[in-house]
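# need coordinates for the following:
(one chain, ligands or ions: 1)
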Amino acid sequence: MRVWAALRAAGTAPGAFRERFEFGGRDVASWFPRHMAKGLRQMRLALRRADCLVEVHDRRHIPLSGRNPALQEALGIRPHVLVLNKVDLADPRRQPVLEQLRQQGCSHVVFTDCQRDVNVKKVVPMVARLVADGPRYHRAESSEHNILVIGVPNVGKSSLINSLRRLHLKKGKATAVGGEPGITKAVLSRIQVCEKPLMYLVDTPGVLPPRLGDVETGMKLALCGAIRDHLVGEDIMADYLLYTLNKQQQFRYVQRYGLAQPCDHIEPLLKHVALSQGRTQKVKVLTGTGNVNMMMLNYPAAAYEFLRDFRAGRLGRVTLD
Ligand SMILES: Nc1nc2c(ncn2[C@@H]2O[C@H](COP(=O)(O)OP(=O)(O)OP(=O)(O)O)[C@@H](O)[C@H]2O)c(=O)[nH]1
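Residues are numbered from 1 along each chain as shown. Okay, the predicted model is just below:
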C-alpha cells in the first residue's frame, strides 16, 4: 500500500515517518545542525541592532510552516515585512488569505520572484516607511536603516539581498546563493542594498525550530528544500510529492515521464522517471556462462530527479499548504 495512503488511513504516521520526524524526546542536536544553533544565538544578538525585520518565506508553503518561535518573539517588538518569495513556482489559483496572515502578525506583505527581480523594488519603500513611522530604537540621530533578513533555509534570503543590490545599486552578488539548505552558515556583516535611503541588510542562516510539530509540516519543508533530503529520505519525499500532486490534480508529470495516465503508486512512477530521464545503471551479473552486463533502473536517482523537477517548477506550479 502507498505509504501516504497508509498514513491517511491510520490517521497517524507509519513507523518510518515517526523515526525521521518526531524529534520530541530525542536528542535535538542529532538533527538540529550546529550551525543553526549558533546562527540562532547570533541572530538574537543582531536583532538588538535591527531597525526592522524582513522575514522571507517560500510562497509555496503558507501558512508559514516551520516558522521559528524564537524569532516570532521578536516580531512584536520590531517593524516587520513578510516577503513571500518564489511566486513563480507557486500555484496562482491558491492565493494566501491576507486576513490569516494579518492574524499571524504579518500586515506588510510583498510577493516576489528574486531570480527575476519581480516586485523586489517594493521592499525598500515599505521598510523605509515602517521605520520612519515607528520609534527609532538606536541611533535616533542616524539616517541609516539596519535590517535583519530572517527565514527558514533555502527560501531565498540571500537571493533577495542580491536582487536588491542589483536593482538599487547596480551591483553584483554580495552573498552566496545555492539550491541546498544551509548555504549561509553565519550571520554576515552588513550589506548595503540602497543609497537613498541608506539601507543595510544583514543576511542570516536559515533556522528551523528544533521541533517541527507534525509530519506534514516537515514533509512540506523538505520538499521545498529547507531540510536536507538525506535526513528525510528521497524515497519517502517522492511518495509524499506524488500524493500532493494527485490531491491537487496537478498531472503534468504524466506527460513529462511518458505515463498513460495519472498513477497512485510511487514505484511505477519512478520506473517511468528512470526510463525517460536515463536514470539507469550498468551492473555485472554472474550467470552460468560468465559475467553479463545488465541495465538496472536506479530508483534512488529517479526519486531525486522527481524532486528536482518539482523544485524547478517542471511539474507545474504547486502550493503545498
Ligand atoms: N524559482 C525561484 N528560485 C529562487 C527564487 N529565489 C531564490 N531562488 C533559488 O532558491 C535557492 C535558495 O536561494 P538562497 O538565496 O540561497 O536561499 P537562502 O534562504 O539564503 O538559503 P540558506 O542560506 O540555506 O538559508 C537558490 O537555488 C535560488 O536560486 C525565486 O524567486 N524563484
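
# when you work out contacts or count neighbours from here on, use the C-alpha atoms and nothing else.
Fine.

# list the buried ones in the longest helix seen in the chain?
Secondary structure assigned by DSSP state H gives helix 34-49 as the longest helix of the chain. Of the residues in helix 34-49, 35-37, 39-40, 42-43, 46-47 count as buried by neighbour count, 16 or more other CA atoms under 10 Å.

# let me have those in CSV, extended by pLDDT and distance to the ligand.
Formatted as CSV, those follow (pLDDT from 0 to 100; distance: CA to the nearest ligand atom, whole Å):
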residue, pLDDT, distance to the ligand
His35, 68, 11
Met36, 70, 10
Ala37, 70, 13
Gly39, 71, 10
Leu40, 74, 12
Gln42, 75, 14
Met43, 76, 13
Ala46, 78, 16
Leu47, 80, 17
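
# counting neighbours, what do you get for His108?
When counting by other CA atoms under 10 Å, one arrives at 18 neighbours for His108.

# grab the nearest non-local neighbour of it.
Nearest residue to His108, sequence neighbours excluded (CA to CA, 6 or more residues apart in numbering): Val81, at 5.1 Å.

# quick one, what contacts that neighbour?
Contacts here follow CA atoms under 8 Å, 6 or more residues apart in numbering; on that basis Val81 touches 52-55, 106-110, 126-127.

# for Arg78, same thing?
Counted by CA under 8 Å, 6+ apart, Arg78 has contacts 50-53.

# and it, how far from Val283?
59 Å (CA to CA, to the nearest Å).

# please name the residues that touch Asn291.
Here Asn291 is in contact with 284-285 (criterion: CA under 8 Å, 6+ apart).

# assumed it was part of a strand.
Yes. Counting by DSSP: H, G, I helix; E, B strand; the rest coil, Asn291 is part of a strand.

# state the distance from it to Arg41.
Counting by CA to CA, the gap from Asn291 to Arg41 is 58 Å.

# could you do Gly278 as well?
45 Å.

# do the same with Gly258
49 Å.

# repeat that for Ala260.
Taking CA to CA, one finds Ala260 at 52 Å from Arg41.

# next: Ala128.
According to CA to CA, Ala128 and Arg41 sit 27 Å apart.

# swap in Val118?
32 Å.

# tell me, how many residues neighbour the residue nearest to Val120 when sequence neighbours are not counted?
Among residues not flanking Val120 along the chain, Thr112 sits closest, at 5.9 Å (CA to CA, 6+ apart). For Thr112, the tally of surrounding residues (other CA under 10 Å) stands at 26.

# contacting residues for Thr112?
With CA under 8 Å, 6+ apart, Thr112 has these contacts: 83-87, 118-120.

# filter the residues you listed down to the ones near the ligand?
85-86 (CA under 6 Å from any ligand atom).

# tell me the buried residues within the contacts of Thr112.
83-87, 118, 120.

# among the residues you listed, find me the one that's closest to the ligand.
Lys86 (3.4 Å; CA to the nearest ligand atom).

# could you verify my assumption that the closest one touches Arg60?
Yes. Lys86 is in contact with Arg60 according to CA atoms under 8 Å; the separation is 7.5 Å.

# ok, the residue nearest to Pro79 when sequence neighbours are not counted - contacts?
Using CA to CA, 6+ apart and skipping residues adjacent in sequence, the residue nearest Pro79 is Cys52, 4.9 Å away. When contacts are counted by CA under 8 Å, 6+ apart, Cys52 touches 78-81, 127, 130-131, 145-148.

# and those as JSON lines, adding distance to Asp239, secondary structure and pLDDT?
As requested, the contacts of Cys52 are exported to JSON lines (distance: CA to CA, whole Å; DSSP: H, G, I helix; E, B strand; the rest coil; pLDDT from 0 to 100):
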{"residue": "Arg78", "distance to Asp239": "40", "secondary structure": "coil", "pLDDT": "82"}
{"residue": "Pro79", "distance to Asp239": "40", "secondary structure": "coil", "pLDDT": "88"}
{"residue": "His80", "distance to Asp239": "36", "secondary structure": "strand", "pLDDT": "88"}
{"residue": "Val81", "distance to Asp239": "35", "secondary structure": "strand", "pLDDT": "93"}
{"residue": "Val127", "distance to Asp239": "41", "secondary structure": "helix", "pLDDT": "95"}
{"residue": "Leu130", "distance to Asp239": "43", "secondary structure": "helix", "pLDDT": "91"}
{"residue": "Val131", "distance to Asp239": "45", "secondary structure": "helix", "pLDDT": "89"}
{"residue": "His145", "distance to Asp239": "45", "secondary structure": "strand", "pLDDT": "90"}
{"residue": "Asn146", "distance to Asp239": "43", "secondary structure": "strand", "pLDDT": "90"}
{"residue": "Ile147", "distance to Asp239": "39", "secondary structure": "strand", "pLDDT": "92"}
{"residue": "Leu148", "distance to Asp239": "36", "secondary structure": "strand", "pLDDT": "90"}
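
# all good on my end, thank you.
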